[in-house]
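J.: predicted model and sequence follow; I will ask about them next.
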Amino acid sequence: MHIVTISEMKTLEAQAEQQYGLTSPILMQNAGKSAADLFEANLLPTYSLKGLKVLFLIGPGNNGGDGLVMAEHLKNAGALISLYHWKEQKLIVQGKHQQDQPVHELLTTQIKDADYIIDALLGTGRSRPLPDDMRALLALVKEERSRRESLGLVAIDLPTGLNADTGEVDPGSIAVDTTITLAYPKLGFFFFPGRDYIGDLEVGDIGLPDALEPSSHTEMITGQQVHKLLPERPLNSNKGTFGKVMLLCGSLPYPGSAFLAGNSAARVGAGLITLAVTEKMLPFYASSFHEATFAILPEEDAESFERAKALIEKLEGYKALLIGPGLGQSANTREVILQVLEHLRSLPDDKRPHLVIDADGLNNLSALERWWTLLPKDTVITPHPGEMGRLSEGIKVSGGNIERLELARKKAQEWQVNLLLKGSCTLIANPTGNTRINWWGNPALATAGTGDVLAGMISGFLAQGMSPFDAASAAVYLHTAAADLVNEHMNIERAGLLASDLLPYIPMSLVNTTYSEL
Ligand SMILES: NC(=O)C1=CN([C@@H]2O[C@H](COP(=O)(O)OP(=O)(O)OC[C@H]3O[C@@H](n4cnc5c(N)ncnc54)[C@H](OP(=O)(O)O)[C@@H]3O)[C@@H](O)[C@H]2O)[C@@H](O)CC1
Ligand SMILES: Nc1ncnc2c1ncn2[C@@H]1O[C@H](COP(=O)(O)OP(=O)(O)O)[C@@H](O)[C@H]1O
Ligand SMILES: [K+]
């Protein structure tokens, strides 16, 4: 699904009017109806609209207009509607204009009485900091919510005061439970602090014709998209059908990495996993990962030439090669990587395994000038912000703010790689400038080893013939889906997940179509 900026959204709206006669009032009718439908769908089956007290905060522009249309639909379905027109300071309760008492007292009563408050104050047209009286109004709502958790908060298009392009927020903005955004998610939703204000994201249909495509090169990864990308599993298949993955991962201080990554590659369906390990390490892996096969390498103090040669000799027939998780850093290991890269570059496209470089693979490379010129075509690299900083001449890389987007786009083109920049909303940029962002965050994933799982999943998808950009996108989405499944099945929330807990839930994430509508 496209992600749009404010100006891309405005262009679409202008095109809708010019080319299809879809004027702003028509789109607004569609927007309000769609928001009402989504709101009702979310209530069911626990609550119904009959008798539900809903207070709308109405702003002076089209966002307020959307709110009025939505309110009318909810009223017709039996909800008890109050409208507060912020600019006019006018309160209407169930159709009656309230004039007997000072409006602020009446409004406070309405806020205390509401089951839901709908923020239809400002949307994409916010052009300056929020005025004091609007901040004060939102503060009242926030205060009530902190007193009464059952009060539901819903924003139309976006929470008021959030910058839809950058994710910056006004000090008066309040976090909502659900944002019903219109037509497409806005770029600022995917970056902090804005991300924390959105709550559950719903996308309303405003009736734009399918032929009107946004010019945006940024997409939100959706479940529907991922499930279409997943490799087919024909009945007439064998392990050779689903590709072999070789892993150059793990070392004495970090043995678990190769296990986690290799296991994850198998869990997304790759046909055969081979760990390239030294004899010293073999007993550990052989006893913990029964399904793996092994390429035995000389010990780490052997000549780099010998180590690289042993791996290269075994590589024929492999569809994917993962280098890096837990590998350790040393001049010798760097030399091994360089020789393997040289070999890969010398192979024709159809004979070359797809390459993923993660963690210490990247750390070893970042010590070299113009390291990216050493990579074979179509490489996937998967840095976290710290590794990204090391790869980019030591600059500080944000874990979640908007600057990471431009950086990732620029570097994917400059380095000609598929660049997966980790974070809560992980993003993937390809060499042609297309970007995909994962909406789903799960702080339970913030624990050692989960990155190894992700790298393994990407490699497993590559072995099955997915393109690098698709393999990375699918893996990122399913990685968070698997984490959510762990939370659900282990009855945990935001902490306590072990990276190895993800492993049995990866196959479940592949079939779980109910994970999300989006
Ligand atoms: N157009 C379409 O086809 C569709 C649009 N859609 C909907 O429209 C929304 C965008 O509508 P919009 O452009 O009217 O902007 P909106 O966010 O309502 O605010 C503008 C108003 O607020 C005012 N204002 C600005 N900043 C302010 C501030 N800090 N503090 C106080 N006031 C401020 C500004 O007045 P000003 O004082 O600047 O003259 C103006 O009156 C979009 O988010 C979506 O919900 C959907 O219906 C789908 C079709
Ligand atoms: N709050 C979060 N929400 C979603 N994903 C997260 C969050 N924190 C961490 N992750 C994910 O967990 C993984 C951690 O990877 P990484 O930092 O490389 O760890 P390690 O190298 O220890 O495996 C990344 O895929 C990252 O996107
Ligand atoms: K709003």
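T.: Happy to help now that I have it. Residues are numbered from 1 along each chain as shown. Ligands and ions are numbered 1, 2, ... in the order given.

J.: ok, now which ones touch the residue in the stretch 201-350 of the chain that ligand 3 sits nearest to?
T.: Taking CB to the ion, ligand 3 has its nearest neighbour within the stretch 201-350 of the chain at Gly204, 12.3 Å off. Backbone N, C-alpha and C define where each C-beta goes, glycine included. Contacts of Gly204 were listed using CB atoms under 8 Å, 6 or more residues apart in numbering, and they are Ala31, Ser34, Ala35, Leu38, Ile180, Thr181, Leu182, Ala183.

J.: what is the helix or strand where the fifth one lies packed up against?
T.: Applying DSSP states H and E as the criterion places Ile180 in strand 178-182. If you count contacts as 3 or more CB pairs under 8 Å, 6 or more residues apart in numbering; DSSP states H and E, strand 178-182 packs onto helix 24-43, strand 152-156, strand 200-204.

J.: can you say which of these is nearest to ligand 2?
T.: Smallest distance to ligand 2 across the helices and strands packed on strand 178-182 (CB to the nearest ligand atom): 15.0 Å, for strand 200-204.

J.: so the closest one, near ligand 1 or not?
T.: No - applying CB under 6 Å from any ligand atom, one finds strand 200-204 separated from ligand 1 by no less than 8.7 Å.

J.: now do the buried residues in the helix or strand just after that strand.
T.: Toward the C-terminus, strand 200-204 is succeeded by strand 218-220 as the next helix or strand (DSSP H and E). Judged by neighbour count using 16 or more other CB atoms under 10 Å, the buried positions of strand 218-220 are Thr218, Glu219, Met220.

J.: now those as a markdown table including pLDDT?
T.: Listed next are these as a markdown table, based on pLDDT from 0 to 100:
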| residue | pLDDT |
| --- | --- |
| Thr218 | 97 |
| Glu219 | 97 |
| Met220 | 97 |
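
J.: mind listing what Gly262 touches?
T.: When contacts are counted by CB under 8 Å, 6+ apart, Gly262 touches Val245, Leu247, Cys249, Ile273, Leu275, Phe289, Ala292, Gly456.

J.: from Leu510, how far off is the fifth one?
T.: With distances taken as CB to CB, to the nearest Å, Leu275 is found 23 Å from Leu510.

J.: these two: who's more crowded?
T.: Neighbour comparison, Leu275 and Leu510: the larger count goes to Leu275, with 25 against 20 (by other CB atoms under 10 Å).

J.: list the contacts for that one?
T.: Applying CB under 8 Å, 6+ apart, we find Leu275 in contact with Leu247, Cys249, Gly250, Ala258, Gly262, Tyr285, Phe289, Ala292, Thr293, Phe294, Ala295.

J.: ok, Pro193 next?
T.: Counting by CB under 8 Å, 6+ apart, Pro193 touches Gly167, Glu168, Val169.

J.: phi, psi of the second one?
T.: Reported as degrees, to the nearest 10, the phi and psi values for Glu168 are phi -70, psi 150.

J.: just the buried residues of stretch 392-401, please?
T.: Going by neighbour count (16+ other CB under 10 Å), the buried part of stretch 392-401 is Ser392, Val397, Ser398, Gly400, Asn401.

J.: mind listing what the closest residue to the first one other than its chain neighbours touches?
T.: In space, Ser392 comes closest to Lys411 once its chain neighbours are excluded; the distance is 6.4 Å by CB to CB, 6 or more residues apart in numbering. For Lys411, the contacting residues are Met388, Leu391, Ser392, Val417, Leu419, Ala429, taking CB under 8 Å, 6+ apart as the criterion.

J.: from these, which ones fall inside helices?
T.: Met388, Leu391 (DSSP state H).

J.: what residues does this protein put near ligand 1?
T.: Residues of the chain lying near ligand 1 (CB under 6 Å from any ligand atom): 13, 24, 27-28, 31, 59-64, 66, 122-128, 130-131, 134, 156-157, 182, 206.

J.: return only those of these found close to ligand 3.
T.: Ile156 (CB under 5 Å from the ion).

J.: just the buried ones from the residues of the chain next to ligand 1?
T.: Using 16+ other CB under 10 Å as the burial test, those include 13, 27-28, 31, 59, 61-64, 66, 122-124, 126, 130, 134, 156-157, 182, 206 as buried.

J.: my read: Leu341 touches Thr373, true?
T.: No - using CB atoms under 8 Å, Leu341 makes no contact with Thr373, being 10.1 Å away.

J.: counting neighbours, go ahead and name the busier of the two.
T.: Neighbour tally, Leu341 and Thr373, criterion other CB under 10 Å: the higher count belongs to Leu341, 21 against 10.

J.: confirm that one sits in a helix?
T.: Yes - under DSSP: H, G, I helix; E, B strand; the rest coil, Leu341 falls within a helix.

J.: apart from its neighbours in sequence, what residue is nearest it?
T.: Nearest non-adjacent residue to Leu341, counting by CB to CB, 6+ apart: Leu374, 4.9 Å away.

J.: quick one: that neighbour from ligand 1, how far?
T.: 47 Å (CB to the nearest ligand atom, to the nearest Å).

J.: what's the answer for Pro348, then?
T.: 51 Å.

J.: what's the answer for Asn238, then?
T.: 52 Å.

J.: report the contact partners of the residue lying closest to that residue once chain neighbours are set aside.
T.: Nearest non-adjacent residue to Asn238, counting by CB to CB, 6+ apart: Gly271, 7.6 Å away. Gly271 is in contact with Asn238, Lys239, Gly240, Thr241, Phe242, Gly243, Lys244, Ala463, counting by CB under 8 Å, 6+ apart.

J.: ligand 2 contacts on the protein?
T.: 359, 384, 422-424, 426, 441-443, 445-446, 448-452, 454, 480.

J.: give me the buried entries from those.
T.: Using 16+ other CB under 10 Å as the burial test, those include 359, 384, 422-424, 426, 441-442, 445, 449-452, 454, 480 as buried.

J.: hmm, Leu321 is touching Asp358, no?
T.: No - using CB under 8 Å, Leu321 makes no contact with Asp358, being 11.6 Å away.

J.: and the two? Which one has more around it.
T.: The neighbour comparison of Leu321 against Asp358 (other CB under 10 Å) goes to Asp358, with 31 against 27.
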